[in-house]
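# sequence isn't available, so here's the structure alone:
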């Protein structure tokens, strides 16, 4: 008994801090929605259903090619840890398969795909006049942020991941900021103390703290918790078939992890893609203004090679030029790690016209407006498949 008590005490101490919980739970996985406290998001009383389409009308690749090998399409999906793969065109489900012992009833965490939802909620709050402008300093809503540099950061800087906030995004470092925010139990305490590293708008830097601050701004502006605002403004109006949840930091504080952690079924994630495919309109009702959707999914910032806009990603095409002095959005090929071309070689990025939400382990909500196609891929690991390129190729061939 004397030996057991110190061990129990040590375990209690370890579990009480985010570093301890990192080692106990290890790296983030598909079952994390069961580990953390969460707030429920109710399903709609009038669910929306996609039509059942003809699977034979869809052309899928017979093989998926990676840098290592090639493998039959579904075999590769399964080996790469896919648990759900849906292809929807013109509101008809052409392909819906589940793998690795999952089915349509399973809840899957979104991880960072939630960032696109938070962006949508910012847009709705602006539409309603709760937030005045993306050009406002964030301290208009969060005056308690300690570093004076926050006064220069606007909502748009957060949306574009150009805030200059100091934050360690590493997912494998138990002492890093990402681990503290993911496993910690008082998010507002961490946010208030986070320092500034560089001037806003000086560079693109994908940081989860940007989205967490956006979520806090939405809550301050609307007077509602993020999960309640999502339920009211998106989950219910879109006719989500199943209840969902949003993981929170603790039962005591109930702060939604805005940078991640909406937990839902694959088919309901697809409906969020449909909302943006239809420019914010849902069966005749404008849920989000068309202007906000256009700003979200249209790439206008070419200052870095990450094709990113308002918490959405894009795939890219690019052309090579010897003399690109008159072209906009040009970069040296070396920036893309594609070898060692001559220094004078340039290329211009051309967005492919698509956009997608992406999360850890390869959670994707992909939209290709030209063909009215939505693809959802959820997984328990990322695997080796170049997912966004695969989605784009499927969309273009159908």
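Received it, and whenever you're ready, just let me know what you need. All values reported here derive from a predicted model rather than from experimental measurement. Numbers count the residues shown, from 1 in each chain.

# can you give me every residue that contacts the residue sitting nearest the centre point of the chain?
Taking CA atoms, centre = their mean, the centroid of the chain lies closest to residue 113, which sits 2.2 Å from it. Residues in contact with residue 113 (CB atoms under 8 Å, 6 or more residues apart in numbering) are 262, 269, 357, 358, 359, 363, 364, 365. Any C-beta I mention is one placed from the backbone N, CA and C, and that applies to glycine too.

# how far is the strand or helix carrying the last one from where the chain is centred?
Counting by DSSP states H and E, the secondary-structure element that holds residue 365 is strand 363-368. On the basis of CA atoms, centre = their mean, to the nearest Å, strand 363-368 sits 10 Å off its chain's mean C-alpha point.

# for the remainder of this discussion, apply numbering that starts at 486.
Fine by me, first position is 486 from now on; the one you just mentioned is strand 848-853.

# give the other helices and strands that that strand contacts.
If you count contacts as 3 or more CB pairs under 8 Å, 6 or more residues apart in numbering; DSSP states H and E, strand 848-853 packs onto helix 751-762, strand 840-844, strand 858-864, helix 872-881.

# which one, of these, ends up nearest to residue 792?
Closest to residue 792 of those is strand 840-844 (CB to CB; 9.0 Å).

# helices and strands around that closest one, which ones?
Contacts defined by 3+ CB pairs under 8 Å, 6+ apart place strand 840-844 against helix 599-612, helix 751-762, strand 797-798, strand 848-853, helix 872-881.

# next one: phi and psi at residue 770?
phi -110, psi 130 (degrees, to the nearest 10).

# list the contacts of it.
Contacts for residue 770 (CB under 8 Å, 6+ apart) come out as residue 722.

# state the distance from it to residue 614.
Here residue 770 is placed at a distance of 18 Å from residue 614 (CB to CB, to the nearest Å).

# low-confidence regions, the protein specifically.
Scanning the chain for pLDDT under 70 picks out 486-512, 789-790, 803-834.

# that one: helices as residue ranges?
Using DSSP state H, the helices of the chain run over 489-500, 503-510, 558-564, 599-612, 640-644, 662-668, 672-678, 693-707, 711-715, 751-762, 775-782, 872-881.

# out of those helices, which is closest to residue 539?
helix 872-881 (15.9 Å).

# buried ones in that closest one, by neighbour count?
Across helix 872-881, burial judged by 16 or more other CB atoms under 10 Å covers 872, 873, 875, 876, 877, 879, 880.

# what's that helix packed up against?
Where contact means 3+ CB pairs under 8 Å, 6+ apart, helix 872-881 is packed against strand 840-844, strand 848-853, strand 858-864.

# before we move on, back to that, list the contacts of the strand holding residue 850.
With CB under 8 Å, 6+ apart as the criterion, strand 848-853 contacts 593-598, 601, 754-755, 757-758, 761-762, 782, 838-843, 858-864, 872-873, 876-877, 880-881.

# could you flag which of the residues you listed are buried?
593-598, 601, 754-755, 757-758, 761-762, 782, 838-843, 858-864, 872-873, 876-877, 880.

# before we move on, back to that, now render the helices and strands packed on helix 872-881 as JSON lines, adding distance to residue 688.
As requested, the helices and strands packed on helix 872-881 are exported to JSON lines (distance: least, CB to CB, whole Å):
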{"stretch": "strand 840-844", "distance to residue 688": "20"}
{"stretch": "strand 848-853", "distance to residue 688": "26"}
{"stretch": "strand 858-864", "distance to residue 688": "30"}
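
# looking at those, spot the one closest to residue 562.
When those are ranked by proximity to residue 562 (CB to CB), strand 858-864 comes first, at 8.2 Å.

# and that closest one, how far out from the chain middle?
On the basis of CA atoms, centre = their mean, strand 858-864 sits 13 Å off its chain's mean C-alpha point.

# and for stretch 545-555?
That offset, for stretch 545-555, works out to 26 Å (CA atoms, centre = their mean).

# a markdown table please, covering the helices and strands packed on strand 840-844 and showing distance to residue 654.
Putting these into a markdown table (distance: least, CB to CB, whole Å) gives the following:
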| stretch | distance to residue 654 |
| --- | --- |
| helix 599-612 | 13 |
| helix 751-762 | 23 |
| strand 797-798 | 15 |
| strand 848-853 | 17 |
| helix 872-881 | 19 |
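
# looking at those, which is nearest to residue 550?
Comparing those under CB to CB, the one sitting nearest is helix 872-881, at 9.4 Å.

# pretty sure residue 697 is touching residue 673, no?
No: counting by CB atoms under 8 Å, residue 697 does not reach residue 673; the two are 9.4 Å apart.

# between those two, which has more neighbouring residues?
Higher neighbour count among residue 697 and residue 673: residue 697, with 28 against 14, using other CB atoms under 10 Å.
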